[in-house]
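>>> Pasting the sequence and the predicted coordinates here, then a few questions.
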Amino acid sequence: MMTSNSAFIGVHLSYGHKPFTLALLDGDLDLIMRANCDIKDVSAILSEPNSVTVCLTANSKSKSTKSANTNSIFSEQLEKMSFRSYSAKKETRQWFKANADESFSALLQKKLLSRRTLEGRIQRALVLYDQGLQINDPMEFFEEITRYKLMQGILPLENLYTSNELDALVAAYVAWTTVNKPGQFVIMGEFILPSQE
């Protein structure tokens, strides 16, 4: 799976049979994997690379019991796998939290469109693409649109990332930043936030 021993993994938590949306980047910001997983799948992926930095998306305002339970299960699993909370010391297996919307806002430095809209998803993908992530160029979406497809209601949505995938991708980017660009993030309470140069 990996071409090097370092991995930067973003994880978005939701609900259901496979509640973990995962994005894995290598040291060159190549997207190695994106997947919807259960806890066993995530554990198997996290056990492979020697050096792993994990960023979990979290919402400071979330009061959901389901979300808290999934978060707790994941935190316990990380602890069992010898992951340590982020610190200034260089740990080979560390983890922390970031707020996805606040991370996108910090990188964009302009108004963030709603994650529920098509334009909001494209905007977020463009932010990541401009940061150097080796992902699909979001503007290629528009090259696939024709009058016929619009009239038929056929849009090439398979070429766009879902909101959960985008959250996992920005989390993976924040994880990469903490190792590769230590001057471009700030610690705000329990969250790490990217910052511009």
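Thanks, I have it.

>>> Now the spatially most central residue of the chain: which helix or strand?
With distances taken as CA atoms, centre = their mean, Ala168 lies nearest the centre of the chain, 2.0 Å away. Applying DSSP states H and E as the criterion places Ala168 in helix 163-180.

>>> Kindly export that helix (C-alpha atoms) in PDB.
Taking only C-alpha atoms (Å, rounded to 0.1, in the frame of the first residue of the first chain), the coordinates of helix 163-180 have been written out as PDB:
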ATOM      1  CA  SER A 163     -18.300  16.100   2.200                       C
ATOM      2  CA  ASN A 164     -17.000  13.400   4.600                       C
ATOM      3  CA  GLU A 165     -14.100  12.500   2.200                       C
ATOM      4  CA  LEU A 166     -13.200  16.200   2.000                       C
ATOM      5  CA  ASP A 167     -13.200  16.500   5.800                       C
ATOM      6  CA  ALA A 168     -10.900  13.400   6.000                       C
ATOM      7  CA  LEU A 169      -8.700  14.900   3.300                       C
ATOM      8  CA  VAL A 170      -8.200  18.200   5.100                       C
ATOM      9  CA  ALA A 171      -7.500  16.300   8.300                       C
ATOM     10  CA  ALA A 172      -4.900  14.300   6.500                       C
ATOM     11  CA  TYR A 173      -3.400  17.500   5.200                       C
ATOM     12  CA  VAL A 174      -3.300  19.000   8.700                       C
ATOM     13  CA  ALA A 175      -1.500  15.800   9.900                       C
ATOM     14  CA  TRP A 176       1.000  16.300   7.000                       C
ATOM     15  CA  THR A 177       1.500  19.900   7.900                       C
ATOM     16  CA  THR A 178       2.400  19.200  11.600                       C
ATOM     17  CA  VAL A 179       5.400  17.100  10.400                       C
ATOM     18  CA  ASN A 180       6.400  18.800   7.200                       C
END
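
>>> which non-adjacent residue is nearest Glu190?
If the residues on either side of it in the chain are set aside, Glu190 comes closest to Lys97, at 5.7 Å by CB to CB, 6 or more residues apart in numbering. Every C-beta, even on glycine, is put in place using the N, C-alpha and C of the backbone.

>>> same thing with Ser6?
Ranked by CB to CB, 6+ apart and with sequence neighbours excluded, the top spatial neighbour of Ser6 is Ser51, at 4.4 Å.

>>> these two touch, right, that neighbour and Asn5?
Yes: contact between Ser51 and Asn5 holds when scored by CB atoms under 8 Å: they sit 5.6 Å apart.

>>> So for these two, which residue has more residues nearby?
When Ser51 is set against Asn5 and neighbours are counted by other CB atoms under 10 Å, the residue ahead is Ser51, at 16 against 13.

>>> Having no further points to raise, I will conclude here.
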